[in-house]
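1. Here is my input, please return the structure:
(one chain, ligands or ions: 2)
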Amino acid sequence: MAMKIDGEKCVACGGCASACPVGAIAEGTPYTVDAEKCVDCGACAAQCPCEAIAAA
Ligand code: SF4
Ligand code: SF4
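-> Ligands and ions are numbered 1, 2, ... in the order given. Sure, this is the predicted structure:
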């Protein structure tokens, strides 16, 4: 399992990428999660201001 970013909600603030301990989130519009790297820690979801991140 890995986190997934809802492109409709993401405002590309970059908070999730800064919070990720394993560098699994790539910059973009929307930002995206590399499922191969994600360790499901939840740090990104806690950081997102618009609840765009949830377990996929
Ligand atoms: S759940 Fe953790 S490891 Fe996975 S993308 Fe979010 S911050 Fe990174
Ligand atoms: S923290 Fe939320 S709004 Fe900001 S870039 Fe990440 S997914 Fe998008």
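2. wait, isn't Ala12 in contact with Ile25?
-> No: contact criterion CB atoms under 8 Å: Ala12 and Ile25 do not qualify, at 11.3 Å. Heads up, the C-betas are built off the backbone N, CA and C, glycines and all.
3. Have a look at these two and say which one is more surrounded.
-> Neighbours per residue, other CB atoms under 10 Å: of Ala12 and Ile25, the larger number sits with Ile25, 24 against 14.
4. From Ala55, how far off is the more buried one?
-> 15 Å (CB to CB, to the nearest Å).
5. Over to Pro30?
-> Distance from Pro30 to Ala55, by CB to CB: 17 Å.
6. related to what we said a few turns ago, show me whatever sits in contact with both of Ala12 and Ile25.
-> Contact criterion CB atoms under 8 Å, 6 or more residues apart in numbering; residues shared by Ala12 and Ile25: Tyr31.
7. Okay, strands next: where are they in the protein?
-> 3-5, 25-26, 32-33, 53-55 (DSSP state E).
8. Let me see the mean pLDDT of the first one.
-> Here strand 3-5 scores 97 as its mean pLDDT.
9. is that strand anywhere near ligand 2?
-> Yes: using CB under 6 Å from any ligand atom, strand 3-5 reaches ligand 2 at Ile5.
10. What pairs with that strand, parallel or antiparallel?
-> Sheet pairing of strand 3-5 (DSSP bridges) gives strand 53-55 (antiparallel).
11. Tell me the buried residues in the partner strand?
-> Residues Ile53 are the ones in strand 53-55 that count as buried (16 or more other CB atoms under 10 Å).
12. Please apply the same query to stretch 4-18.
-> Neighbour-count burial for stretch 4-18 flags Ile5, Cys10, Gly15, Cys16, Ala17 (criterion: 16+ other CB under 10 Å).
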